[in-house]
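> I would like to see how this sequence folds:
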Amino acid sequence: MNKKMDQSIPPDLQAMISAQISRRALLAGAGGIGAASLLGASAITASESASAAPATVRFGNWSLYLDYDNKTKKYPTLVDFTKKTGIQVKYMEAIDDNDSFTAKVTPQLKLKKDIGYDVVAPTEWMAARWITSGFAQKFDDAKIPNKKNVLPFLLNRPLDPGRHYTLPWAGIIAGLAWNKKILPAGLTSIEDKTHPERGLFSNPKLKGKIEVLSEMRDTVGLIMMWQGVDISKPFTQAQWDNALSYLQKKIKDGWIRQIKGQSYAEDLISGDAVAVIGWSGDINQLNLQNNNQFGFGLPESGGTFSTDNMLIPSTSPNKEGAEALINYYYDPAVAARVSNYIAYVCPVAGAQDAMAKLNPAQAKNPLIFPDDAMWKKLFVFRGLTAAEQIKFSTGFQKIAGNA
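Next up is the predicted model:
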């Protein structure tokens, strides 16, 4: 991202810290928001934790979130990291959901016991909770000199001013996705009464074939924006309830097939779902594997944006190795390699120039390096008080249980 674009970023994005946008479930995990999806997908046993060599960095991340070579069955940038530093990395697609993952490791964190990870990547709102709970170690900035490459607008968050505990792994964009064979013209709105074929909940071809995210800030957030609410600013309980009622009606009327985490991708592939509220990077991954079969776009009313963030758990015995890994991924050339694969928003300054050498087409991809027009359509769900979090989540989960 160039300096001109940094200066054009709207105030709501510059003040993004208090955003509490939740994240997705594993593509390979159980779908839906039932009991299965609340279980950690890769719990670390005591023996596994004990067997990890002190020099090994254990990195717990989300699914489909690191460059991967299908032929070698390895992660190329990790292979190069080990060659460069001699440090081995145990990489695990461990985070299925912010709440369930954190709930799973919190007892050990409170007891100051090793949780089996030296680096984890919770979404920004959850990373803030880790910091305030004392569950994150402060960086030795001298060990992470590449921290200077974090994009300026992501540097000073009230979450972590100066980024002493976290560095963004990637930015997340939520919008609309669809099967291009069935909907060649795509979707531009949550609902459109004038041009019903353009709306997610107005195109008759989609009834019973729609899936929406189990992350309430994305699903309800997109609905609220369509209803004219600025989700980045204070809104009323009535406005929230109005969006929730709309979602409930669409479930009752048979428009929504299921409410899911990242496993909605499986249903797009099978054809059980034709359109979804989903994440841009996931759709890019599906297109790489399925001949560019799916489209993705932001509703005219806007999409949501947040970041996932690397941090070092307070119980990690290998802080130095973790810092070396974090520093490595803030090298612009390395960040470009990762972004070229995962196609989420890249948080590293200089990576766009590196991408131009690696893959010129991707360097112009606004889903990786948003341009001015894209930034103007991205909004951050405002921070919630503890009481709001409980009330909003309870109401959403109750409605989602009917889908």
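> Output the below-cut-off pLDDT ranges for the stretch 101-250 of the chain.
158 (pLDDT under 70).
> quick one, helices of it?
Applying DSSP state H, counting those that start in this stretch to the stretch 101-250 of the chain gives helices spanning 124-132, 152-155, 216-226, 237-252.
> For the third one, output the C-alpha coordinates as CSV.
Provided in CSV are the C-alpha atoms of helix 216-226 (Å, rounded to 0.1, in the frame of the first residue of the first chain):
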residue,chain,number,x,y,z
MET,A,216,-22.3,-12.6,14.2
ARG,A,217,-20.3,-9.4,13.6
ASP,A,218,-20.0,-10.3,9.9
THR,A,219,-23.5,-11.7,9.2
VAL,A,220,-25.5,-9.3,11.3
GLY,A,221,-23.1,-6.5,10.5
LEU,A,222,-23.7,-6.8,6.7
ILE,A,223,-27.5,-6.8,7.3
MET,A,224,-27.3,-3.7,9.5
MET,A,225,-25.3,-1.8,6.9
TRP,A,226,-27.9,-2.7,4.3
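> Rebuild the helices of the stretch 101-250 of the chain as a markdown table, extending it with distance to residue 93 and mean neighbour count.
Just so you know, the C-beta spots here come from the backbone N, C-alpha and C atoms, and that holds for glycine as well. Below are these laid out as a markdown table (distance: least, C-beta to C-beta, whole Å; neighbours: other C-beta atoms under 10 Å):
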| stretch | distance to residue 93 | mean neighbour count |
| --- | --- | --- |
| helix 124-132 | 17 | 22 |
| helix 152-155 | 24 | 18 |
| helix 216-226 | 20 | 25 |
| helix 237-252 | 29 | 16 |
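> what packs against the helix or strand encompassing residue 338?
Using DSSP states H and E, the element containing residue 338 is helix 332-342. Applying 3 or more C-beta pairs under 8 Å, 6 or more residues apart in numbering; DSSP states H and E, one finds that helix 332-342 contacts helix 76-85, strand 167-179, helix 280-289, helix 319-329, helix 351-358.
> Can you measure across stretch 121-137, start residue to end residue?
13 Å (C-alpha to C-alpha, to the nearest Å).
> Go ahead and measure how far that stretch is from the middle of the chain.
On the basis of C-alpha atoms, centre = their mean, to the nearest Å, stretch 121-137 sits 15 Å off its chain's mean C-alpha point.
> Spatially central, which residue of the protein would that be?
residue 172 (4.4 Å; C-alpha atoms, centre = their mean).
> And that residue, how close does it get to residue 371?
Distance, residue 172 to residue 371, by C-beta to C-beta, to the nearest Å: 18 Å.
> now swap in residue 134 and tell me
39 Å.
> ok, the two, which is more surrounded?
Per other C-beta atoms under 10 Å, whichever of residue 134 and residue 371 has more neighbours is residue 371, with 14 against 11.
> mind checking the backbone torsions on that one?
Main-chain torsions, residue 371, degrees, to the nearest 10: phi -90, psi -180.
> quick one: it from residue 378, how far?
For residue 371, the distance to residue 378 - C-beta to C-beta - is 11 Å.
> Look at the closest residue to residue 226 other than its chain neighbours and say how many residues are nearby.
Of all residues not flanking residue 226 in the chain, residue 190 sits nearest, at 3.8 Å (C-beta to C-beta, 6 or more residues apart in numbering). Residue 190 sits with 23 neighbouring residues when counted by other C-beta under 10 Å.
> Now do the strands in the protein.
57-61, 89-93, 119-120, 167-179, 210-213, 256-260, 275-279, 294-297, 303-310, 378-379 (DSSP state E).
> The first one - what's its average pLDDT?
Looking at strand 57-61 alone, the average pLDDT works out to 98.
> roughly how far is it from the heart of the chain?
For strand 57-61, the distance to the chain centre is 17 Å (C-alpha atoms, centre = their mean).
> can you check the second one too?
If you compare the mean C-alpha spot of strand 89-93 with that of the full chain, they lie 18 Å apart, counting by C-alpha atoms, centre = their mean.
> Please apply the same query to the fourth one.
In terms of C-alpha atoms, centre = their mean, the centre of strand 167-179 is found 6 Å from the chain centre.
> the inter-axis angle of it versus helix 124-132?
160 degrees (axes from the mean of the first three to the mean of the last three C-alpha atoms, to 10 degrees).
> Need phi/psi at the residue in the chain sticking out farthest from the centre.
Within the chain, the residue lying farthest from the chain centre (C-alpha atoms, centre = their mean) is residue 194, at 32.8 Å. Residue 194 has phi and psi values of phi -80, psi -40 when expressed as degrees, to the nearest 10.
> Tabulate the helices and strands packed on helix 332-342 (JSON lines), appending distance to residue 219.
JSON lines is the format used below for the helices and strands packed on helix 332-342 (distance: least, C-beta to C-beta, whole Å):
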{"stretch": "helix 76-85", "distance to residue 219": "32"}
{"stretch": "strand 167-179", "distance to residue 219": "8"}
{"stretch": "helix 280-289", "distance to residue 219": "15"}
{"stretch": "helix 319-329", "distance to residue 219": "30"}
{"stretch": "helix 351-358", "distance to residue 219": "30"}
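> now for these, which one comes closest to residue 386?
Of all these, strand 167-179 sits nearest to residue 386, with 23.2 Å by C-beta to C-beta.
> For the helices of the stretch 101-250 of the chain, please prepare CSV with the additional fields distance to residue 315.
Shown next, in CSV, are the helices of the stretch 101-250 of the chain (distance: least, C-beta to C-beta, whole Å):
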stretch, distance to residue 315
helix 124-132, 12
helix 152-155, 26
helix 216-226, 28
helix 237-252, 37
